[in-house]
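>>> Predicted coordinates and the sequence they were generated for:
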Amino acid sequence: MIGILWAAQPDFRLLPISLSLVHRGLENVYSHGRGRKKCTSNRDNRTLERIVKQNPFKNVGETHKEWTAAGVSASRITTHRRMQDMGFSCRIPCIKPLLNKTQRQKRLAWAKDKKDWASAEWSKLMFSDESTFCISFGNQGPKVWRKRGEAQNPHCLKSSVKFPQSVMVWGPKSSAGAGAGPQCFLRSKVNAAVYQEVLEHFMLPAAEQLYGDADLIFQQDLAPAHSAKATSTWFKDHGIPVLNWLANLPDLNPIGKIYGVLYCEEEDAIHQTQQCRRAECRRATIRTTWALITPEQCHRLIDSMPRRIDDIQIL
């Protein structure tokens, strides 16, 4: 039919359309059906997707072996390409604590108690936490294959473990004033006495710097040094109210996000200068990156607390 049209109308300049449009139309007609046929069927692809979903922490090589063991003839490159075509991306898994039924119920009750808190209430909180920065490299563990929107899927989460070998840092954060207060490096095991020294020499100056004469509520987790009777007495003696907190709530503390950003920036700086494997040099790098945290970053994370509470109630 194209040949007939060409013979009947050889001068396409007489048509009320551009020559480039005619050329593209002819190319589409002649190129229809071209291209190499895929070596895997839709059924093979469904098998691959099921394999990835059953264990998303497998790497491409392991997934490829399992797929070919199911009778599919495909290369490792094809396996990788099909996984990407399905929408899977290789990402660092989010980390959440393992919770039993009782802990989930307590989390839900805690969230319902705080669901009516507005940004004004959350801004009174001074969040605090210790974080560890490993001196060795390559300790992130396996990555996970997941699709967009599956970051919080239970099958794509990594369970957290405690007490890695590290440099330990304590630091406060709030949405008031400068946002992030002075930090403290902990050189010894943190017991109640050591923690009270941190509160005396770092938390009180941070409260003065961030809040002044305004009211504040202090947040801390339920580590033994934090929940010790002597520590509770210290807070009462200084007239500082402490937020009721539950065990296994690290994902609700927004300071964890700050530590995540701090860790990534600090890792980049260390990889650029391969001399910072020593703890002293690592502390200097952490101090530098901590000072770069902006008040805007702190404000955004504090303002996210109502949404975090809503997410608990939905789950």
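Sure, I can see it. Computed from a prediction, not measured in an experiment: that's the story for all the values here.

>>> Let me see the backbone angles for W170.
For W170, the backbone dihedrals (degrees, to the nearest 10) come out as phi -110, psi 140.

>>> Over to G171?
When quoted as degrees, to the nearest 10, the phi and psi of G171 stand at phi -160, psi 150.

>>> and the spatially closest residue to it that is not a sequence neighbour, what is it in contact with?
Spatial nearest neighbour of G171, chain neighbours left out: Q183 (3.9 Å); criterion: C-beta to C-beta, 6 or more residues apart in numbering. C-beta here means a position set from N, CA and C on the backbone, and glycine is covered the same way. Q183 is in contact with V169, W170, G171, F202, I286, R287, W290, counting by C-beta atoms under 8 Å, 6 or more residues apart in numbering.

>>> Please indicate which of those residues are buried?
Buried subset of these (neighbour count, 16 or more other C-beta atoms under 10 Å): V169, W170, G171, F202, I286, W290.

>>> Which members of those are the farthest-apart pair?
With C-beta to C-beta as the measure, no two of the buried ones among the contacts of Q183 lie farther apart than F202 and I286, at 14.8 Å.

>>> still on that earlier bit, most widely separated two among the contacts of Q183?
Maximum pairwise distance among these (C-beta to C-beta): 14.8 Å, between F202 and I286.

>>> What is the neighbour count of E296?
Around E296 there are 10 other residues, counting by other C-beta atoms under 10 Å.

>>> what separates it from D303, distance-wise?
When C-beta to C-beta, to the nearest Å is the yardstick, E296 and D303 sit 10 Å from each other.

>>> can you check R287 too?
R287 is 27 Å from D303, by C-beta to C-beta.

>>> okay but S119 is in contact with S304, surely?
No. With contact defined as C-beta atoms under 8 Å, S119 does not count as touching S304 (9.9 Å).

>>> and whichever strand or helix holds L210, what does it pack onto?
Secondary structure here is read from DSSP states H and E; on that basis L210 sits in helix 204-211. Where contact means 3 or more C-beta pairs under 8 Å, 6 or more residues apart in numbering; DSSP states H and E, helix 204-211 is packed against strand 125-133, strand 167-173.

>>> Quick one, which of these gets closest to A70.
Among these, the nearest to A70 by C-beta to C-beta is strand 125-133 (41.7 Å).

>>> now for the very next helix or strand once past that closest one, which elements pack on it?
Using DSSP H and E, the helix or strand that follows strand 125-133 in sequence is strand 144-146. In terms of contact count using 3+ C-beta pairs under 8 Å, 6+ apart, strand 144-146 is assigned the packing partners strand 89-91.

>>> For the strand it packs on, buried residues please.
Of all the residues in strand 89-91, not one is buried under the rule 16+ other C-beta under 10 Å.

>>> helices and strands of this structure: which one bottoms out on pLDDT?
Ranking every helix and strand in the chain by mean pLDDT, DSSP states H and E puts helix 2-8 at the bottom, with a mean of 45.

>>> what's around the closest residue to C156 other than its chain neighbours, how many residues?
Computed as C-beta to C-beta, 6+ apart, the closest residue to C156 that is not its neighbour in sequence is R146, at 4.5 Å. By the measure other C-beta under 10 Å, the count of residues near R146 is 24.

>>> wouldn't S128 be in contact with C184 here?
No. The pair S128 and C184 fails to qualify as a contact (C-beta under 8 Å) at a distance of 10.2 Å.

>>> Looking at these two, which one has more neighbours?
Applying other C-beta under 10 Å to S128 and C184 shows that S128 carries more neighbours, namely 23 against 19.

>>> tally of neighbours for Q220?
For Q220, the neighbour count with other C-beta under 10 Å is 23.

>>> Oh, that last question was meant for P241, not what I typed.
12.

>>> How much space separates it from A207?
Using C-beta to C-beta, one gets 12 Å for the distance from P241 to A207.

>>> Could you pull up the residues touching the residue nearest to T40 when sequence neighbours are not counted?
Sequence neighbours aside, A74 is the residue nearest to T40 in space, at 5.6 Å (criterion: C-beta to C-beta, 6+ apart). A74 is in contact with C39, T40, D44, H64, W67, T68, R82, counting by C-beta under 8 Å, 6+ apart.

>>> and A74, that one's in a helix?
No. With DSSP: H, G, I helix; E, B strand; the rest coil as the criterion, A74 is coil rather than part of a helix.

>>> Ramachandran angles for it?
A74 adopts backbone torsions of phi -150, psi 150, taken as degrees, to the nearest 10.
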